[in-house]
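Q: how would this look folded up:
(2 chains)
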Amino acid sequence: MAAVFQPIAPRPAPIRTTGFVAWVRRNLFGDWKSTVTTAIIALVAIVYLPRILDWAVFHAVFGANLAACNEARGTGACWGVISEKHRFIIFGRYPYDQQWRPELATALMMALLVASCMRRFWHWWLAPLWIVVMAVYFLLMRGGALGLSYVATDNWGGLPLTIMLATLGILFAFPIAIVVALGRRSNMPAIRSLCIVYVELIRGVPLISVLFMASFLFPLFVPVGMSPDVLLRVLIGITLFAAAYLAETIRGGLQAVPKGQIEAAATLGLSYWQTQRKIVLPQALAIVVPSIVNSFIGIFKDTSLVTIVSLYELTGAMSLALNSDADWRPFKIEAYLFITLIYFAFCFAMSRYSLWVEKQVSASKNR
Amino acid sequence: MAEPIIRFEKVNKWYGDNFHVLRDIDLSVEPGERIVICGPSGSGKSTLIRCINRLEEHQEGRITVDGTEMTDDVKAIDKVRKQVGMVFQQFNLFPHLTVLENLTLAPMWVGKMPKKDAEENAMKQLERVKIAVQAKKYPLQLSGGQQQRVAIARALCLKPKIMLFDEPTSALDPEMIKEVLDVMIELAGQGITMLCVTHEMGFAKAVANRVIFMDQGQIVEENNPHDFFDHPKSERTKDFLSKILGH
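A: Numbers count the residues shown, from 1 in each chain, chains lettered A, B, ... in the order given. Now for the predicted structure:
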């Protein structure tokens, strides 16, 4: 008897492998261990989430209403403190009616910063543009010209100060770090020792003492009136501090570049600087992108230490805003959560950018 | 007789205090000569050719390359390196640059050649090693044999008088060795001076004017390939040849 061809109609797979249900099954209940973990986390969430939501949303006071806030104390958050104090938290002691200046100046700098991170803007004119924008920045901030009133640097504060210290700190520290990292691998003993001493000295001291020395110790050794502005001294302190750490990160990358690369460049007749610039650094920096961004994020948050020398950046301005007002002082936690969110937004952006750079780097290498 | 293009006179070299890696090396290479250097590992053969472009420094004796004595003088080293191309066992291509960029880098930055000319010249060299279609790829996307041919093309871009090969086929899969050797044989027919550290005895027989056998930092024996393989003089050479040709 001849077999008769029986076509079988297609049917869907018995267990779905795509979609929400499949994702939950695979990731939350894959085996007994993840099932138990999921159960524990769910339990914790069921117990605590309502309490958190109660505090943060349902019993919270959103308007700048002090009486309502005081009534809700202990049961609900007082977000009113933010609507009441946000100008002071964000701009610090900068004169109230002039706060459009730091706003505009920082917006300009941020725009250029974001543009500098994008490949399509990588042109030679980016460097002169930075110089122009920084000149405009300081003109706006400092004033004293073009009809702008003069604002002394110790009145600058809040988020603009945080962003400016971090941006300039990173911008200046990076080239210094490259030179120091190369110097530590130099054949010339004097240069090598100098770089080692610099890195070890700075690394052996907390940033807070570096800032302290920059602010209080340094002026003792120069003639009265000759000492540079406190902001400049602090910026130099942050830059030198950051550069030492970055230098070690970059040195790690330099060591990962095989010796054969340098030999190949040498046989082609490339000079030392050509070899570093064209062959070694592109590969070394690509290897340590995650650690470099790690350092950048560290620098951004470390700027909060400048409060020690009476410069009120974001954290300092927040403390100042609440400590100076006994009525609102009890609601510091809400204010802290507010600046936490700001710090997180910036750091998270840097971390996402780092992922993008890593992807670009590995793409050029393997594909 | 022509002036030798490379001359070693009583050259000695040590690694550290106690490892005497080159011992009383005397060697003259005529322009256009093709020399194969062989010997067991650790015999100093790689060190010997690496002294020619001063990837290694010697401590005693004189090395003269194309009329320039190799000393600490950076200018002299630069001058010699422009005349000497080198191919490494591990290829040492620049992985962050495309094949074409690997080839144009030195002509543009060292030779100050305009980009267009450098690319034209690079494509010519890539055609010579039969790999022009891969110009836009990155080195790690190529096979080992292709990478080594790119490395040869890269060295040729500077139009060297001398080519040094440091075990160019030792890191390759057996089936890729031939494509690299074919390129080297083609090169040998064009009058360039070649020094090649290799264990490819077929290549030695096909193209070498002279085979040098080294052991323990010394030149044990040198001869034309015919006599070297068929009538080796020293016992050490016979022993070595029996091991590498024995199967």
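Q: make it CA atoms for all contacts and neighbour counts henceforth
A: OK.
Q: strands along chain B, start to end?
A: Using DSSP state E, the strands of chain B run over B:6-15, B:19-29, B:34-38, B:60-65, B:68-69, B:84-87, B:162-166, B:193-197, B:210-215, B:218-223.
Q: run through who's touching the helix or strand harbouring A:Glu103.
A: Using DSSP states H and E, A:Glu103 sits in helix A:100-116. By Cα atoms under 8 Å, 6 or more residues apart in numbering or on different chains, the residues outside helix A:100-116 that reach it are A:91, A:121-122, A:126, A:130, A:133-134, A:136-138, A:140-141, A:160, A:163-164.
Q: picking that back up, just so I know, which of the strands of chain B lies nearest chain A?
A: strand B:84-87 (6.5 Å; Cα to the nearest Cα).
Q: give me the low-pLDDT residue ranges for the chain?
A: This is for chain A. For chain A, the stretches flagged by pLDDT under 70 are A:1-2, A:363-367.
Q: nope, chain B please
A: Filtered on pLDDT under 70, chain B yields the residue ranges B:1-2, B:246-247.
Q: follow-up on the earlier one: tell me which strands and helices the helix or strand following the helix holding A:Glu103 is in contact with?
A: Note on helix A:100-116: by DSSP H and E, the next helix or strand toward the C-terminus is helix A:126-142. Under the contact definition 3 or more Cα pairs under 8 Å, 6 or more residues apart in numbering or on different chains; DSSP states H and E, helix A:126-142 sits against helix A:100-116.
Q: flag every buried residue along the helix it packs on.
A: By neighbour count with 16 or more other Cα atoms under 10 Å in any protein chain shown, helix A:100-116 contains the buried residues A:101-103, A:105-106, A:109-110, A:112, A:116.
Q: return the alpha-carbon coordinates of that helix using CSV.
A: What follows is helix A:100-116, C-alpha atoms only, in CSV (Å, rounded to 0.1, in the frame of the first residue of the first chain):
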residue,chain,number,x,y,z
TRP,A,100,19.0,84.3,34.6
ARG,A,101,22.7,84.7,34.0
PRO,A,102,23.9,81.4,35.5
GLU,A,103,20.9,79.8,33.9
LEU,A,104,21.8,81.1,30.4
ALA,A,105,25.6,80.5,30.9
THR,A,106,25.1,76.9,32.1
ALA,A,107,22.6,76.2,29.4
LEU,A,108,25.2,77.4,26.8
MET,A,109,28.0,75.3,28.3
MET,A,110,25.7,72.2,28.6
ALA,A,111,24.6,72.5,25.0
LEU,A,112,28.3,72.7,23.9
LEU,A,113,29.1,69.8,26.2
VAL,A,114,26.4,67.6,24.8
ALA,A,115,27.4,68.6,21.2
SER,A,116,31.0,67.7,21.9
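Q: and of the buried residues of helix A:100-116, the nearest to A:Gly147?
A: A:Arg101 (12.5 Å; Cα to Cα).
Q: now do the contacts for the residue of chain B most remote from its centre.
A: The C-alpha centroid of chain B is most remote from B:Lys116, which lies 28.6 Å away (Cα atoms, centre = their mean). Applying Cα under 8 Å, 6+ apart to B:Lys116 gives no contacts.
Q: separation between it and B:Met163?
A: Using Cα to Cα, to the nearest Å, one gets 25 Å for the distance from B:Lys116 to B:Met163.
Q: partners of the nearest residue to B:Gln59 once chain neighbours are set aside in the sheet?
A: Nearest non-adjacent residue to B:Gln59, counting by Cα to Cα, 6 or more residues apart in numbering or on different chains: B:Lys13, 5.3 Å away. Beta-bridge partners recorded for B:Lys13 (DSSP bridges): B:Leu22.
Q: B:Lys13 against B:His20, yeah?
A: Yes - counting by Cα atoms under 8 Å, B:His20 is a contact partner of B:Lys13 at 6.1 Å.
Q: please say which of those two ends up with more neighbours.
A: B:Lys13 (23 against 14; other Cα atoms under 10 Å in any protein chain shown).
Q: show me the contacts for that one.
A: Per Cα under 8 Å, 6+ apart, neighbours of B:Lys13: B:20-23, B:57-60.
Q: one more time with 7 Å
A: B:20-23, B:58-60 (Cα atoms under 7 Å, 6 or more residues apart in numbering or on different chains).
Q: got it, and A:Ile250?
A: By Cα under 7 Å, 6+ apart, A:Ile250 lies in contact with A:178, A:181, A:285, A:288.
Q: tell me the residue of the stretch 1-150 of chain A that sits nearest chain B?
A: Closest residue of the stretch 1-150 of chain A to chain B, Cα to the nearest Cα: A:Arg119 (16.9 Å).
Q: my bad, should have said the stretch 101-250 of chain A
A: A:Asn187 (13.6 Å).
Q: mind checking the SS state of that residue?
A: Of the three states, A:Asn187 takes coil under DSSP: H, G, I helix; E, B strand; the rest coil.
Q: residue 34: neighbour count?
A: Since no chain was named, I'll use chain A. A:Ser34 has 14 neighbours, counted by other Cα under 10 Å.
Q: please refer instead to chain B.
A: Around B:Arg34 there are 23 residues (other Cα under 10 Å).
Q: which residues touch it?
A: Here B:Arg34 is in contact with B:193-195, B:207-210 (Cα under 7 Å, 6+ apart).
Q: what's the answer for A:Phe212, then?
A: A:Val309.
Q: how about the residues of chain B near chain A?
A: Residues of chain B lying close to chain A (Cα under 7 Å from any Cα of the partner chain) are B:55, B:78, B:81-82, B:85-86, B:92, B:94-96, B:106, B:110, B:138, B:140-141.
Q: tell me the one among those nearest to A:Ala72.
A: B:His96 (60.5 Å).
Q: could you check how far the closest one is from A:Phe121?
A: Distance, B:His96 to A:Phe121, using Cα to Cα: 21 Å.
Q: cool, thanks, talk later.
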